[in-house]
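K.L.:
test case, fold it:
(chains A and B)
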Amino acid sequence: MTYQDKVRADVHPAALMYAEEEKSGRLSRREFLTRATALGLAAPMAYGLIGVPTPARAQEDKPMGGTLRMEMETRALKDPRVADWSQIANVYRGWLEYLVQYERDGSLTPMLLESWEANEDATQFTLNVRQGVTWNNGDPFTAEDVVYNITRWCDGTVEGNSMAGRMAALVDPDTNQLREGAIETVDDHTIVLNLSAPDIAIIVNTADYPAALVHPSYSGGDPSENPVGTGPYIPEEVEIGVRVTLVKNPDHQWWGTEVFGGPYLDRIEYIDYGTDPAAVVSAVESGEIDITYQSVGDFIEIFNALGWTESEVVTASTITVRFNQANAPYDNVDVRRALQMAVSNDIVLELGYNDRGVVAENHHVCPIHPEYADIGPAEYDPEAALELLTSAGHAETEFELISIDDAWQATSCDAVAAQLRDAGVNITRTVLPGSTFWNDWLTYPFSATEWNMRPLGVQIMNLAYKSGVAWNETAYSNPDFDAALAEAGSIADADARREVMARMEEMLRADGVVIQPYWRSLYRHYRAEVMGAEMHPTFEHHHYKWAIQA
Amino acid sequence: MLRFIAGRILTMLLTALCLTFVVFFLTNLGPNLEKVAKSEIGVRISDAEVESWLARNGYAQPVLVRYGEWLGVLPGWTGEAADGTPTGRCVAQDQSLEEADRFCGILQGDWGYSTVFRAPVSEIIARSLALTGKLMFWVMAVMVPGALLLGVLAGMREGSRLDRSLSTFAITTTATPEYVSGVVFIAVFASTAVGLRWFNGSATSAMEDITFVNFTLPVMTIALYGMGYIARMTRASMAEVMTAQYIRTARLKGVRFRDIVLRHALRNALIAPFTVIMLQFPWLLNGVVIVETLFNYKGFGWTLVQAAGNNDIELLLGVSVVSVFVVLVTQLISDIGYVYLNPRIRIS
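P.N.:
This next block holds a predicted model:
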């Protein structure tokens, strides 16, 4: 029996099927990795199934010690499950860790889980909790801690708890709490999740940034006040709006050192330069930082010209120029459709983001999502748009498009507004500073929102377009869509799921929910001395991989 | 004299009272309170939840009552949280109502809590004032001697070539606002666009460690603007003194020109600029708003911008109180100093 055969014996059948799809070219390697590892395969095994050697993780010797200074907005810290901003999570990532971790290449790395398995129809997941992990206060990390955290995530009565939506298959819809019998503790390091409906995304969801595991002693509020966690760093200084520093925890033996190596850096400084990228350029030119959080628009060229190393990652991150259907006149589907039709998405990509991305099709499912269905490009017909608007009685209505003052988002909205103006729509633009914009991002009648990527198409639908969920900024509520979404979430087979997704994409387009012009690549720049801090598609900072040469 | 000072202090208190009330009133308008509620418990809450949150956190009372609480002349509100634990303006976490103070306003030394920075207002203001203090010190150290030198040199021989060129310089700098000169300086001296890169275009590192490289541009941006103005005042004053009878007498007696300027003219010529220099302090306080934001230096001006942008009520009020204090105290010093410099003026 060859190694290959032995592997196959205990591999999830769907993973084998995915491997065939990958080999026949129906599935990209990234999609394959995401899906196979989500079903419980270790990354090397997944690579083995498609006959590709595991790419050597950059094994270059990383030097120990040193300080890395990164530019990042330092927002007020929150309870992880209600965190609404990657930057918040990147601070508590220093001492709080996740069950699994989403990697740059689309695969999942087990962190506080050692491994997991799904049953045939993805309704039952067995989680093997990692052995030998301790909290930095000395307590052992056990299955009980995982159950405690899943229970917290499932509490839908907490305002803004976005994890409740992600854990829907474990939540009792009547009490908005963890469903009885949803979790079985088998032993100290094994638990079984019994889902109410098949959910292929449940493991991937625990890699999302609000899913950091907290200690049972944590009582809510700012997690840095009593930083008990399993991770290798602890916060030293937390000055909101100014700086946050993480230092290596001298009193804690981190479990990951044996598994991954690291942590290398002694100290990580996050320095706040506000939302204006020009301030970051000044900081780079002044030598005040070693790495940017994210480089955008024209500034990518500027940083390249300064001789910094560029790191690019292709993502399903996007901007949605969305209508809030709870506000007139956007409650009228014809108005929404007309505004959509008056905008050519490739022009927005060119003007708003320097063509650094892929044109999107107004339905928020990306070609890199496994279940993406190609339903053709978005309709562009400015004349028909004006006719539709006129017949809806809104030819003279003054529309207002709101955006944040962030460079590329404002430019993209300018490109949208300019096209609407060319089509004969009466539109004004309002640009709000970053400090105030996010106060009301869910309720603006017509505005633009930046959306980070999620590994699966159904995830983004569950977060943003399902009726009544916390981040449904469009106020979209369509029972047919919700039914289709529930159906799609239970189909482990991507080809079968694609058929449902095609219907959902059509519904989103027919209802004129968003103008979603493009998918963007993400960039980051750093000094040549920085190692292991490449751009991540979901902005995650894996501190233990970072290093800096003296 | 004492009566004069007492009068001034009374004016100061009255002004502070009026100004803080205006700020309080504006930040407590309905939509602003809604913003506070949403930033505290999340953006997606219904109007009813906003109302109940505002009521539970003491925002539902009349503005005057709440202003009194902030001042510390009325007892702080008390209530109950959703889970039954006592809450109140003066009740800290895990404290019972009996343990808590009845009054906790600015009169009791309690400046409140900043919702943006999640820290006590007094801490934020102390931090930012210390940073702005450093900036102001260096601005004054560059601006005052520079401006006086320019003014005296220009004013001692009115209409000369030296006067014309120095005046042109002074008018140019004072006619260029900081948001123009700051950007030009960054482009010329700090960016790769021109390639000089002598200085830093960001002063963030100066918050911890001031160096010539990281602090020159913000200091020069503010100093040059004020310098031109003070230099013009000094020049006018100097030119006027130089035409006075006693200077002419000194010249006729054959005193050296250098001695005339240094011994006889200078002291009298500095009376007018002294007042102008004192007036620069309050003006610096708002000049730093632009410069600190531009150079990302987190002092008083930057804090004001953040507080206003986020409707951080108690921080804004704290900033207002400090501003009133700085403006009126420097005015007072200016008036008193004027008396000592100019014996012809008596306050009685």
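
K.L.:
where is the longest helix in chain B?
P.N.:
The longest helix of chain B (DSSP state H) is helix B:121-156.

K.L.:
just the buried residues of that one, please?
P.N.:
For helix B:121-156, burial by neighbour count (16 or more other Cβ atoms under 10 Å in any protein chain shown) applies to B:121-122, B:124-125, B:127-129, B:131-132, B:134-136, B:138-140, B:142-144, B:146-148, B:150-156. Where you see a C-beta, it was placed from the backbone N, CA and C, and this is true even at glycine.

K.L.:
beyond that helix, next helix or strand please.
P.N.:
Downstream of helix B:121-156, the next assigned helix or strand under DSSP states H and E is helix B:161-175.

K.L.:
for that following helix, which outside residues touch it?
P.N.:
B:150-151, B:153-155, B:157, B:181, B:224-229, B:231-232, B:235 (Cβ atoms under 8 Å, 6 or more residues apart in numbering or on different chains).

K.L.:
close to chain B: what parts of the stretch 401-550 of chain A are there?
P.N.:
A:433, A:435-436, A:438-443, A:470-471 (Cβ under 8 Å from any Cβ of the partner chain).

K.L.:
how about those in TSV, adding neighbour count?
P.N.:
As requested, these are exported to TSV (neighbours: other Cβ atoms under 10 Å in any protein chain shown):
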residue	neighbour count
A:P433	16
A:S435	22
A:T436	16
A:W438	17
A:N439	18
A:D440	17
A:W441	19
A:L442	21
A:T443	15
A:A470	21
A:W471	21
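
K.L.:
closest to chain B among those?
P.N.:
Checking those against chain B with Cβ to the nearest Cβ, the nearest one is A:S435 at 4.0 Å.

K.L.:
near chain B, which residues of chain A show up?
P.N.:
Going by Cβ under 8 Å from any Cβ, the residues of chain A near chain B are A:76-77, A:82, A:84, A:159-160, A:222, A:239-242, A:271, A:273-274, A:279, A:281-283, A:285-288, A:305-306, A:433, A:435-436, A:438-443, A:470-471.

K.L.:
on that earlier part again, for the longest helix of chain B, the distance to its chain's centre please.
P.N.:
Chain-centre distance of helix B:121-156: 11 Å, with Cα atoms, centre = their mean, to the nearest Å.

K.L.:
just checking, what packs against it?
P.N.:
strand B:113-114, helix B:161-175, helix B:212-242, helix B:266-269, helix B:271-294, helix B:300-309, helix B:313-341 (3 or more Cβ pairs under 8 Å, 6 or more residues apart in numbering or on different chains; DSSP states H and E).

K.L.:
phi, psi of the closest residue to chain A within the stretch 51-200 of chain B?
P.N.:
Residue of the stretch 51-200 of chain B nearest chain A, by Cβ to the nearest Cβ: B:N200 (3.4 Å). Here is the backbone geometry of B:N200 (degrees, to the nearest 10): phi -90, psi 140.

K.L.:
check contacts around it.
P.N.:
The contact partners of B:N200, taken as Cβ under 8 Å, 6+ apart, are A:282, A:285-288, B:190, B:213-214, B:217.

K.L.:
over to A:V281?
P.N.:
Taking Cβ under 8 Å, 6+ apart, one finds A:299, A:302-303, B:191, B:201 in contact with A:V281.

K.L.:
and the pLDDT at it?
P.N.:
With respect to pLDDT, A:V281 has a value of 89.

K.L.:
quick check, it in a helix?
P.N.:
Yes: according to DSSP: H, G, I helix; E, B strand; the rest coil, A:V281 belongs to a helix.

K.L.:
could you measure from it over to A:L522?
P.N.:
18 Å (Cβ to Cβ, to the nearest Å).

K.L.:
cool, A:N149 as well?
P.N.:
Per Cβ to Cβ, A:N149 is found 29 Å from A:L522.

K.L.:
what does A:S282 give?
P.N.:
22 Å.

K.L.:
wait, A:M453 touches A:T315, no?
P.N.:
Yes: at 4.4 Å, A:M453 and A:T315 qualify as touching, with contact defined as Cβ atoms under 8 Å.

K.L.:
hey, what's in contact with both of these two?
P.N.:
Joint contacts of A:M453 and A:T315 (Cβ under 8 Å, 6+ apart) are A:537-538.

K.L.:
per-residue pLDDT, A:G393?
P.N.:
pLDDT, read off for A:G393, is 89.

K.L.:
what's the burial count for it?
P.N.:
Residue neighbour count, defined by other Cβ atoms under 10 Å in any protein chain shown, stands at 12 for A:G393.
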